[in-house]
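Undergrad: with the sequence up front, the predicted model follows.
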Amino acid sequence: MHVLKSLLLGAVTFIAILGVISISLPRQIHLQRDIIINAPAEVAYEQLGDLRNWTKWLPGHLLEVDRSISYAGHATGARYTWTSQRRGIGQGVVTIVEAEPPSRVVTNLEFEKNDKAHSTFVLEETEEGTKLTWHFEQYIGNDPIRKFSGLLIDSTVGEEFEDGLENIKKEVEAKYAVTDN
């Protein structure tokens, strides 16, 4: 009986320590990646400003071609809705809420379970080419489990962002090479 009480006390203490630590963890997830594209911002913007182009570069879509997709609208207000059988993806909607050709696209993302996030794509002309920066932000609140999992977002989702940016770069540079000649 003494061993059981010790184990129970240890478990309660451990959970309390994790709870106290979680108080200091951020309630907001922020992820950012960028890439240089060898093409003008106007050409790169076409991949971002028209949601129909997202299937060419979005890593989740490339992994699951049987995904159900629908589109509505153009420019600001355009929507991209998906339903996926892939674990962890589920259903969602991307809506363009701001479009400033050829420099910026802001989207709202809505996932299952009322999860919401924002992505911003910024295109900036530099000496090396067009710098495309992809920002992702999500409010995760005070839930300790979500706060601890938020610490892993960079290592888990960051690679998908890098893949997406590489895919955009390939699409844009291939298109620019054809139209530039």
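TA: Structure's in. What do you need? Residues are numbered from 1 along each chain as shown.
Undergrad: which strand or helix spans Asp34?
TA: Assessed by DSSP states H and E, Asp34 sits inside strand 28-37.
Undergrad: tell me the angle of the top helix by length along the chain relative to strand 28-37?
TA: The longest helix of the chain (DSSP state H) is helix 153-180. Interaxial angle, helix 153-180 versus strand 28-37 (axes from the mean of the first three to the mean of the last three CA atoms, to 10 degrees): 30 degrees.
Undergrad: pull the distance from stretch 151-167 to the chain's centre.
TA: For stretch 151-167, the separation from the chain centroid amounts to 8 Å (computed by CA atoms, centre = their mean, to the nearest Å).
Undergrad: name the residues that touch it?
TA: Residues from elsewhere that reach stretch 151-167 (CB atoms under 8 Å, 6 or more residues apart in numbering): 25, 29, 31, 33-35, 56-60, 62, 132, 134, 136. In short, each C-beta sits where N, CA and C put it, glycine included.
Undergrad: which helices and strands sit right next to the helix or strand where Ala16 lies?
TA: In the assignment (DSSP H and E), Ala16 maps to helix 2-23. Here helix 2-23 touches helix 144-150, going by 3 or more CB pairs under 8 Å, 6 or more residues apart in numbering; DSSP states H and E.
Undergrad: list of residues touching the helix it packs on?
TA: Applying CB under 8 Å, 6+ apart, the contact partners of helix 144-150 are Leu18, Gly19, Ser22, Leu25, Pro26, Arg27, Ile29, Ile140.
Undergrad: just the CA atoms of it, as PDB, please.
TA: Extracted in PDB, the C-alpha atoms of helix 144-150 (Å, rounded to 0.1, in the frame of the first residue of the first chain):
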ATOM      1  CA  PRO A 144      -1.200  22.400 -21.500                       C
ATOM      2  CA  ILE A 145      -1.100  19.500 -24.000                       C
ATOM      3  CA  ARG A 146      -1.500  21.900 -27.000                       C
ATOM      4  CA  LYS A 147       1.100  24.200 -25.500                       C
ATOM      5  CA  PHE A 148       3.600  21.400 -25.200                       C
ATOM      6  CA  SER A 149       2.800  20.100 -28.700                       C
ATOM      7  CA  GLY A 150       3.300  23.600 -30.000                       C
END
